[in-house]
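S.K.: What would the 3D arrangement of this be:
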Amino acid sequence: MGSTASLEASVQHGPEYERPRYSIGEVSERSGLTRDTLRWYERIGLLNYVGRDHAGQRRFNDRDLDWLSLIGKLRRTGMSVADMVRYAELVRAGEHTFPERLDMFRHTRAEVLAQIEELKQTVAVLDCKIAHYEGVPGPDWRTVLACTPIADQELTRTT
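M.R.: Prediction:
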């Protein structure tokens, strides 16, 4: 990322953290991303410039692997690729972008918490349906949904 990020990473992890050592195939296996995806991430600026060896082959380091892990987590939140690229740009720009990065993460966190609430409602519905099919008496799934504010909004829209 930026020079500050590189310096912090070196101090926290030692010089080996920055040493290029992994081929694109090894990173593909470790990250679960295809080689094409890794090349694309580099091309669009989501992945910082990746060094090359004497034969011109990409060589990734542990910092790159950590970055890909973070990007994977952000992707699972539903964050768009454009927002992730913007975040990468902010990281490279330096510490003065901390407030904007903080806002991004707070916003994403709120969205994830809303997703979690929706998933909890979904699990409650599944539990009702499972109980029904197992012959266990219990509330109707619509009754369970009616107990939550989000569900009230959903039922209003669908009825």
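
S.K.: in this protein, which helix has the most residues?
M.R.: Of all the elements of type helix in the chain, the one with the most residues (DSSP state H) is helix 98-133.

S.K.: Buried ones in the very next helix or strand once past it, by neighbour count?
M.R.: Towards the C-terminus, the helix or strand next in line after helix 98-133, according to DSSP states H and E, is helix 141-146. Of the residues in helix 141-146, those with enough neighbours to count as buried (16 or more other CB atoms under 10 Å) are 141, 144, 145. No exception for glycine: its C-beta is placed from N, CA and C like everyone else's.

S.K.: Just put those residues in JSON lines and tack on pLDDT and distance to residue 120.
M.R.: What follows is the buried residues of helix 141-146, written out as JSON lines (pLDDT from 0 to 100; distance: CB to CB, whole Å):
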{"residue": "141", "pLDDT": "85", "distance to residue 120": "14"}
{"residue": "144", "pLDDT": "81", "distance to residue 120": "11"}
{"residue": "145", "pLDDT": "78", "distance to residue 120": "11"}
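
S.K.: Of the residues you listed, which is the nearest to residue 115?
M.R.: Of all the buried residues of helix 141-146, residue 115 sits closest to residue 145, with 16.5 Å by CB to CB.

S.K.: so where is the protein shaky, pLDDT-wise?
M.R.: Judged by pLDDT under 70, the chain has its weakly predicted residues at 1-11, 148-159.

S.K.: Centre of the chain to stretch 67-81, how far?
M.R.: Its chain's C-alpha centre and that of stretch 67-81 lie 2 Å apart, by CA atoms, centre = their mean, to the nearest Å.
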